[in-house]
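Enquirer: this one's structure only:
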Ligand code: R5P
């Protein structure tokens, strides 16, 4: 297998290649003065099974275009198969038409990946893995939640309460609780589709005087996490940490979460950020080797 570390996942791509002892084809990339992307493979992919590692966190449109260019290029240059490793899959939250007339964005993205010759996708904690099964390309959705939980266990948080945001994400805290074993539960979140305002609807949970780790797939504006942290603090939780797989951390999200009372934020390197301390490289290398 040959690994192509895309412009948005240089470090993670190279780490995966090291772990797999796989060859690397570096990518020369630049942005033209008008904003268009340029891509060139500095090596051959002919006849190889190629894994392109390219997260699609902001600037997501540019990252996606680069991914389309790399996948199509690999196929043109006679790669045998092309796997797109997309640690953070952009547009996954627009997984249906919530309001009449809206674009079903993830469907369009999947269609374009197929048209560019992608044979398989590996992603991590995609927002709605079940919707991905509806599309033509096989998708493997990995979970980094046990890795995040193991990080906290290693920091002395065994016995902390695992809290998820929304009943649908309960499986996330079941996975976390397997590691932390301090009990789990959820608070419901409701987002106003027009204003984007988030409200918490919660029943009491046994978190008073307990450490609480709040797990979410994505922290984007931080609005959801801030509300959850504030709620946990109101319930007199001891230490409260925010854990997420994809730290988009738009604007002052990190600061707002800390000001809301969080004792820290811990994330994975699916998206490079100052809090991406847990690596998914081995998780992805294992999936690619299967
Ligand atoms: C929502 O369904 C997701 O799981 C996250 O809670 C959400 O995307 C976070 O967005 P924000 O940080 O903007 O509140």
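Expert: Perfect, thanks for sending it. Because the structure is predicted, anything quoted here is derived from the model rather than measured.
Enquirer: residue contacts, the closest residue in space to residue 30 that isn't next to it in sequence?
Expert: The shortest distance from residue 30 to any residue other than its chain neighbours is 4.8 Å, reached at residue 38 (C-beta to C-beta, 6 or more residues apart in numbering). Heads up, the C-betas are built off the backbone N, CA and C, glycines and all. Residue 38 makes contact with 28-32, according to C-beta atoms under 8 Å, 6 or more residues apart in numbering.
Enquirer: same question, residue 266
Expert: Counting by C-beta under 8 Å, 6+ apart, the residues that residue 266 touches are 148, 151-152, 241-244, 275, 277-278.
Enquirer: what would these look like in TSV with pLDDT and neighbour count?
Expert: What follows is these, written out as TSV (pLDDT from 0 to 100; neighbours: other C-beta atoms under 10 Å):
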residue	pLDDT	neighbour count
148	98	29
151	98	19
152	98	24
241	98	24
242	98	30
243	98	28
244	98	31
275	98	19
277	98	14
278	98	20
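Enquirer: now, these that are in strands?
Expert: Counting by DSSP state E, these place 241-244, 277-278 in strands.
Enquirer: got CSV for the residues you listed, with distance to residue 14 too?
Expert: As requested, those are exported to CSV (distance: C-beta to C-beta, whole Å):
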residue, distance to residue 14
241, 29
242, 28
243, 25
244, 24
277, 18
278, 17
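Enquirer: what parts of this protein come near the ligand?
Expert: Counting by C-beta under 6 Å from any ligand atom, the residues of the chain lying close to the ligand are 93, 165, 198, 216-225.
Enquirer: does the closest residue to residue 235 other than its chain neighbours count as helix, strand or coil?
Expert: Nearest-residue entry for residue 235: residue 207, 5.2 Å, with adjacent residues in sequence omitted and distances by C-beta to C-beta, 6+ apart. Reduced to three states with DSSP: H, G, I helix; E, B strand; the rest coil, the structure at residue 207 is coil.
Enquirer: ok, now which ones touch residue 207?
Expert: Under the contact definition (C-beta under 8 Å, 6+ apart), the residues listed for residue 207 are 161, 163, 232, 235-237.
Enquirer: what about it, distance to the ligand?
Expert: 19 Å (C-beta to the nearest ligand atom, to the nearest Å).
Enquirer: so that residue versus residue 233, what's the distance?
Expert: Here the criterion is C-beta to C-beta, to the nearest Å. By it, residue 207 lies 10 Å from residue 233.
Enquirer: ok, now residue 281?
Expert: 34 Å.
Enquirer: hey, which helix or strand in this structure has the poorest pLDDT?
Expert: Considering only helices and strands, the least confidently modelled element of the chain by mean pLDDT, DSSP states H and E is strand 198-201, at a mean of 86.
Enquirer: which element, helix or strand, includes the nearest residue to residue 129 once chain neighbours are set aside?
Expert: When the adjacent residues along the chain are set aside, residue 129 lies closest to residue 141, with 4.0 Å between them (C-beta to C-beta, 6+ apart). According to DSSP states H and E, residue 141 maps onto strand 139-142.
Enquirer: so which elements touch that strand?
Expert: For strand 139-142, the elements it packs on are strand 120-124, helix 129-132, helix 281-289, judged by 3 or more C-beta pairs under 8 Å, 6 or more residues apart in numbering; DSSP states H and E.
Enquirer: ok, the closest residue to residue 117 other than its chain neighbours to the ligand distance?
Expert: Once flanking residues are discounted, residue 117 sits nearest to residue 75: 3.4 Å by C-beta to C-beta, 6+ apart. Separation of residue 75 from the ligand (C-beta to the nearest ligand atom) stands at 33 Å.
Enquirer: same check, this time on residue 192
Expert: Counting by C-beta to the nearest ligand atom - residue 192 and the ligand are separated by 12 Å.
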